[in-house]
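>>> Structure of the sequence below:
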Amino acid sequence: MSKIELPYGHKKLSLEVPEERLEGVLVSKAHDYVADMSEEELVKESLENPINSSQLRELAAGKDDIVIISSDHTRPVPSHVTMPIILDEIRAGNPNADITILVATGFHRASTEEELRDKYGDEIVDNERIINHDCRDEDNLVHLGTLPSGGDLIINKLAVEADLLIAEGFIEPHFFAGFSGGRKSVLPGIASKMTVLANHCAEFVGHEKARTGILDGNPLHKDMLYAAEQAGVEFILNVVINEHKEVINAFAGHLEDAHKEGCEFVAELSGVEANPADIAITTNGGYPLDQNIYQAVKGMTAAEATCKEGGVIIIAAECSDGHGGEAFYKTFAEADSVEQIMDDIEARDRKETVPDQWESQVLARILLQFEVIMVTDAPKEMVEDMYMHWASDLDEALEMAEKMLDDPEAEITVVPDGVSVTVLK
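Presented below is the predicted three-dimensional model:
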């Protein structure tokens, strides 16, 4: 038997699979990557040697109003490591700078004080100005023109009015934007509801280039990069992390160039060859990425890429925050069928996108191909309302999958951390 550990919330679940049934275990090389410096040293080194940019301390000199866009509680950016170093660097160039940390909530709810303290640490929360972006607060949004796709570009006023705008984040494979990080800090991070809806339209999310690991030709990426450029992002710090959420590399400097170099590094580590199997088992990487069903769709896409047609996907995601999106949940709970959901979404043009449509679109795409079983703390009724099956543990889920396939010896591929890999077909 092969014993495999899967991240689940703050803990691990154990799975035993017979050797003869195990087609493969798809793991990012990032998990075994050993950096030659500490986390802090990697971050400082990147800031001292920025890519195609002056140092941050030089950019901060003479700038009174500085805004740092920072990822929210749903992203495992180790801001307790990065943010103190960024603040020190800014103040080395301008001790009297007025600094605001703008939390890029995108379409998510605001981060709570507890989540902010968990993310940044007490010292920063107690002593720095931290503001949650609100995509629906029109009084604090500014119109900057039109996206390449034709949608209105509207973003947070604090960012637009800043003398210096910088962004911190992390880079991982992303299921329709190609990679996270870089330009995503602005769109969707600090964009208006209408701008996010325009960018996340059915046409773009359904585009053949809107897939994990693809930037070139990706229509969502094109809009996102344009938005960040128009916002005036002058400097970024993006890190790469391992399964323990520890920094293993850092890329700082020019918005596009530093991000591109970081994406190339991640692509090299995250690329894994598919091992097609009847059953694909995966996760959403544990906390904080598996807080809800909405986020768990990302992990499902890794299993989608290595599951045989008509197979079964099992995803273990704690989902302590439930479904994660009311519109997302209702799309499934109030529909007569998954086919109806997809037909309705694909019939909408760019200006008719509704909240959470993009996540519904990807989940519907998966459900039209596979049966999906969730091992989760989310209520059984909630999971079943969304056309998935609920299991209390991995053993029960595996038994259910075997019955669905009518094959107790069905082949199995495991993707222990679905959001960390790019599955190459």
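>>> So Leu237: helix, strand or coil?
What DSSP: H, G, I helix; E, B strand; the rest coil gives for Leu237 is strand.
>>> contacting residues for it?
Contacts for Leu237 were tallied using Cβ atoms under 8 Å, 6 or more residues apart in numbering; they are 43, 46-47, 56, 82, 86, 166-169, 250-252. Using the backbone N, CA and C atoms, a C-beta is placed for each residue, glycine as well.
>>> what ranges of this protein fall below the confidence cut-off?
Applying pLDDT under 70 to the chain flags no residue at all.
>>> And it, what are its domain boundaries?
Annotated domains of the chain cover 2-26+274-424, 32-269 [automatic domain parsing].
>>> now the end-to-end length of the longest one.
Right, domain 32-269. One end of domain 32-269 sits 10 Å from the other (Cα to Cα, to the nearest Å).
>>> Then stretch 43-55?
13 Å.
>>> Equivalent analysis for stretch 132-140, please.
Per Cα to Cα, the first residue of stretch 132-140 is 11 Å away from its last.
>>> Asp64: how many residues sit nearby?
12 (other Cβ atoms under 10 Å).
>>> all helices for the stretch 201-350 of the chain, in order.
Secondary structure of the stretch 201-350 of the chain, counting by DSSP state H, counting those that start in this stretch: helices at 202-205, 219-231, 255-270, 293-304, 326-333, 338-346.
>>> any idea which of the ones you listed is most buried?
helix 293-304 (a mean of 27; mean count of other Cβ atoms under 10 Å).
>>> could you give the angle of it to helix 326-333?
Using axes from the mean of the first three to the mean of the last three Cα atoms, to 10 degrees, the inter-axis angle of helix 293-304 relative to helix 326-333 is 60 degrees.
>>> So that it lines up with my notes, have the first residue be 512 from now on.
With the count now opening at 512, the last piece we talked about shows up as helix 804-815.
>>> What helices and strands are in contact with helix 804-815?
strand 788-794, strand 818-827, helix 837-844, helix 868-878, strand 882-886, strand 923-926 (3 or more Cβ pairs under 8 Å, 6 or more residues apart in numbering; DSSP states H and E).
>>> Quick one: closest of the ones you listed to Ala621.
Closest to Ala621 of the helices and strands packed on helix 804-815 is helix 837-844 (Cβ to Cβ; 15.3 Å).
>>> and the direction of that closest one versus that of helix 868-878, what angle?
Going by the same axes, to 10 degrees, helix 837-844 makes 30 degrees with helix 868-878.
>>> hmm, who's touching helix 837-844?
Against helix 837-844 from outside (Cβ under 8 Å, 6+ apart): 804-805, 834, 849, 852, 865-868, 870-871, 874, 893, 896-898.
>>> Of the residues you listed, which pair is most distant in space?
Greatest spacing in the contacts of helix 837-844, by Cβ to Cβ: Val865 and Met893 (20.2 Å).
>>> who's more crowded, those two?
Between Val865 and Met893, counted using other Cβ under 10 Å, Met893 has the larger neighbour count: 19 against 14.
>>> Alpha carbons of stretch 841-852, as CSV, please.
C-alpha atoms of stretch 841-852 as CSV (Å, rounded to 0.1, in the frame of the first residue of the first chain):
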residue,chain,number,x,y,z
LYS,A,841,-27.8,29.7,-5.7
THR,A,842,-26.7,29.2,-9.3
PHE,A,843,-26.6,25.4,-8.6
ALA,A,844,-29.2,25.1,-5.8
GLU,A,845,-31.9,26.8,-7.9
ALA,A,846,-31.1,25.2,-11.2
ASP,A,847,-32.9,22.2,-12.7
SER,A,848,-29.7,20.7,-14.1
VAL,A,849,-26.0,21.4,-14.7
GLU,A,850,-26.7,21.6,-18.4
GLN,A,851,-29.1,24.4,-17.8
ILE,A,852,-26.5,26.3,-15.8
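>>> first vs last residue of stretch 708-727, how far apart are they?
Across stretch 708-727, the terminal residues are separated by 22 Å (Cα to Cα).
>>> before we move on, what about stretch 615-622?
Where stretch 615-622 begins and where it ends lie 10 Å apart, using Cα to Cα.
>>> Now it: buried residues?
By neighbour count with 16 or more other Cβ atoms under 10 Å, stretch 615-622 contains the buried residues Ala615, Thr616, Gly617, Phe618, His619, Ser622.
>>> Kindly indicate which of these lies nearest Asn605.
Closest to Asn605, out of all of the buried residues of stretch 615-622 and judged by Cβ to Cβ, is Ala615, at 23.0 Å.
>>> List the residues that contact that closest one.
By Cβ under 8 Å, 6+ apart, the contact set of Ala615 is Ile580, Ser581, Ser582, Asp583, His644, Ala678, Gly680, Ser696, Val697, Pro699, Gly700, Ile701.
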